[in-house]
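>>> Here is a sequence together with a model predicted from it:
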Amino acid sequence: MLIAGNWKMFKGPHEAGAFCRALRDTNLGEVEVAVCPPYASLATAVQALAGTEIGVFAQNCHWADEGAFTGEISPPMLRELGVYGAVIGHSERRQLFGETDEAVARRVEAALSHGLFVIACVGETEAEREAGEAEAVLRRQLSVLSADDNLVVAYEPVWAIGTGKTATPDIAQEAHAFVKSLLDVPVLYGGSVRPGNAGELCAERDIDGALVGGASLDLESFAEICRAASH
Ligand code: 13P
């Protein structure tokens with residue numbers, strides 16, 4: 001069971017350091033825990049969590065080792081910082097920054113080849129689900145990925161992200177089973193996970209953890225989610 005907090009574009013170095021130092025002294029139950037700060041706060045987070053089992057993940061990474069790619073960060077740079085892994089293909093990257101399935105595949109492959117652990121995100125929009133296309137979208141997004149010991153998938157239905165509309169445990173379980181039928185890797189659920197629903201979601205057979213956005217920004221709510229998931 002892995003609970004990862006995706007901070008998105010929140011918490012600069014000062015706030016990230018304070019959060020991570022407090023996280024060290026917090027009861028997080030019996031789950032694996034990771035935080036995904038923005039690039040600017042990665043070094044501080046790595047330093048603050050040194051010597052703990054809590055992993056620090058970037059929120060993206062490029063496929064090249066270096067080059068003329070303004071605004072991008074490479075896998076060797078993340079390794080040098082002591083970062084454990086990267087989230088790749090988040091729906092906000094896909095929807096707001098034009099990330100394609102092919103670019104996601106290249107980023108994932110490069111990150112894995114440099115020894116980074118990868119959380120690759122997939123998920124359908126509300127319109128796609130209503131049109132009965134959810135499985136076709138997942139099939140397309142997953143078709144460019146190959147199973148790897150250092151890869152997990154996060155199923156994040158776009159209609160549940162930041163909306164307070166969580167997928168029911170039944171809907172999530174069905175989607176997770178479908179993802180696993182195509183790619184044999186652990187699958188995290190993401191989309192409005194909160195202390196009040198983390199337990200029932202993580203109790204489903206094919207839900208192997210959670211990728212938490214908004215509720216991971218507050219220490220006590222993130223810790224409550226971790227403890228709920230460990231039951
Ligand atoms: P929320 O938990 O804020 O809905 O965000 C989910 C998410 O996008 C995690 O990557």
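Everything's here; your move.

>>> only C-alpha atoms for contact and neighbour calcs from this point on.
Noted.

>>> Pull up the residues of the protein that are close to the ligand.
6, 160-162, 190-193, 211-215 (C-alpha under 6 Å from any ligand atom).

>>> export those to CSV and tack on secondary structure?
CSV is the format used below for the residues of the chain next to the ligand (DSSP: H, G, I helix; E, B strand; the rest coil):
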residue, secondary structure
6, strand
160, helix
161, coil
162, coil
190, strand
191, coil
192, coil
193, coil
211, strand
212, strand
213, coil
214, helix
215, helix
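
>>> Give me the lowest-pLDDT entry from the residues you listed.
Looking at the residues of the chain next to the ligand by pLDDT, the weakest one is residue 162, with 85.

>>> Please tell me how far residue 28 sits from the ligand.
18 Å (C-alpha to the nearest ligand atom, to the nearest Å).

>>> Can you name the residues that contact that residue?
Residues in contact with residue 28, defined by C-alpha atoms under 8 Å, 6 or more residues apart in numbering, are 223-224, 226-227.

>>> Swap in 6 Å and give it another go.
Residues in contact with residue 28, defined by C-alpha atoms under 6 Å, 6 or more residues apart in numbering, are 223, 226-227.

>>> Specify the local secondary structure of it.
coil.

>>> what about the strands in this structure?
Using DSSP state E, the strands of the chain run over 2-6, 32-36, 55-58, 85-88, 117-122, 151-155, 187-190, 209-212.
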